[in-house]
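> Below is the sequence, then the predicted model.
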Amino acid sequence: IEVAKAGGKHLGRPRVEYPENWEDCYGRWKSGVISAKAAMMLTGLKKDSFYRLVKKYESQLKDAKEKES
């Protein structure tokens with residue numbers, strides 16, 4: 001394990017990445033056009049992964065707005 005960490009290897013579960021249609025589905029969900037369940041189906045994400053990415057995405061948006069100000 002120490003050798004792998006020293007070599008820069010990631011250990012554990014693979015990280016969840018944003019699906020290709022993330023921004024479209026997120027925008028439609030946030031504006032109320034589709035439900036969260038429909039957005040999860042369209043993106044192929046499970047509930048925990050979907051909400052984890054929502055939290056991460058909104059944090060990134062907030063940081064970007066603060067940098068602009």
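Yes, it's here. Bear in mind that the values here come from a model prediction, so they are computed numbers and not experimental data.

> center of the protein, which residue is that?
The central residue of the chain, meaning the one whose C-alpha is nearest the mean C-alpha position (C-alpha atoms, centre = their mean), is Leu53 at 2.4 Å.

> Quick check: which helices or strands does the least confident helix or strand in the chain by mean pLDDT pack against?
Of all regular secondary-structure elements in the chain, judged by mean pLDDT, DSSP states H and E, the least confident is helix 2-6 with a mean of 88. In terms of contacts (3 or more C-beta pairs under 8 Å, 6 or more residues apart in numbering; DSSP states H and E), helix 2-6 is packed against no helix or strand at all. For glycine as for every other residue, the C-beta is placed from the backbone atoms N, C-alpha and C.

> Please identify the buried residues of the helix or strand just after it?
Using DSSP states H and E, the helix or strand that follows helix 2-6 in sequence is helix 22-30. For helix 22-30, the neighbour count (16 or more other C-beta atoms under 10 Å) marks Trp22, Cys25, Tyr26, Arg28, Trp29 as buried.

> quick one: which of these is nearest Tyr57?
Among those, Tyr26 lies closest to Tyr57 (C-beta to C-beta), at 6.4 Å.

> The closest one is in contact with Met40, isn't it?
No - counting by C-beta atoms under 8 Å, Tyr26 sits too far from Met40 to count as a contact (11.3 Å).

> can you list the weak-confidence ranges in this structure?
In the prediction, the chain carries residues with pLDDT under 70 at positions 69.

> at 90 instead, please
Low-confidence segments of the chain, defined by pLDDT under 90, are located at 1-2, 4-6, 8-15, 64-69.
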